[in-house]
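S.K.: what would the 3D arrangement of this be:
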Amino acid sequence: MYNQEINTVYGYSNIRAKSILRNTLLFNYRFPIVFPDAEIGPLAYIRNLRAGMFCHYENIGSETNLAEPKTFGFELRSSMNLLRYQPIVDIGARCVFVNKVYNQNPILELILNYSF
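M.R.: Predicted structure coming up:
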């Protein structure tokens, strides 16, 4: 076995595996919506609002049809400074739709990142 990490599709930990993960093909597109530079009192300074769309494939080859990705969906994110502190906090949500073969409801993932 090779000791290399394979990037997984969004929602991977919530989807029942039907085969061993061999490879992935991940398409992500992110774009800005608005740069409000808005202040919500002393609670938050909102820098921007971004969106993204994605389409992820798993095990490209005999068992994958490129017309049917394993997961696809969208996300909304916002960068802000909370409580007037310097670190930038990235808050958002991602909605992951799973291929119909898996008979699974959409997965909602909450996103929280911060950087100094």
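S.K.: list the buried residues in whichever strand in the chain runs longest.
M.R.: The single longest strand within the chain, with elements called by DSSP state E, is strand 44-58. Neighbour-count burial for strand 44-58 flags 44-47, 49-50, 54-58 (criterion: 16 or more other C-beta atoms under 10 Å). Heads up, the C-betas are built off the backbone N, CA and C, glycines and all.
S.K.: quick one, phi psi at residue 12?
M.R.: phi -60, psi -40 (degrees, to the nearest 10).
S.K.: actually residue 40, not the one I wrote
M.R.: phi -110, psi 80.
S.K.: re earlier: now the buried residues of strand 44-58 in a markdown table, with distance to residue 69 and pLDDT?
M.R.: Shown next, in a markdown table, are these (distance: C-beta to C-beta, whole Å; pLDDT from 0 to 100):
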| residue | distance to residue 69 | pLDDT |
| --- | --- | --- |
| 44 | 35 | 93 |
| 45 | 37 | 94 |
| 46 | 32 | 94 |
| 47 | 31 | 94 |
| 49 | 26 | 96 |
| 50 | 22 | 97 |
| 54 | 9 | 95 |
| 55 | 5 | 94 |
| 56 | 6 | 90 |
| 57 | 5 | 87 |
| 58 | 9 | 85 |
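S.K.: of these, closest to residue 65?
M.R.: residue 57 (9.2 Å; C-beta to C-beta).
S.K.: look up the closest residue to that closest one, ignoring the ones flanking it.
M.R.: Excluding the flanking residues, the one nearest residue 57 by C-beta to C-beta, 6 or more residues apart in numbering is residue 25, at 4.2 Å.
S.K.: mind showing which ranges of this structure have poor pLDDT?
M.R.: Scanning the chain with the threshold set as pLDDT under 70 gives 1-4, 62-64.
S.K.: can you pull the contacts of residue 82?
M.R.: Neighbour list for residue 82: 43-44, 89 [criterion: C-beta atoms under 8 Å, 6 or more residues apart in numbering].
S.K.: now the residues you listed as CSV including distance to residue 115?
M.R.: Listed next are the contacts of residue 82 as CSV, based on distance: C-beta to C-beta, whole Å:
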residue, distance to residue 115
43, 19
44, 16
89, 8
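S.K.: out of those residues, which is nearest to residue 20?
M.R.: Nearest to residue 20 among these, with distances taken as C-beta to C-beta, is residue 89, at 37.0 Å.
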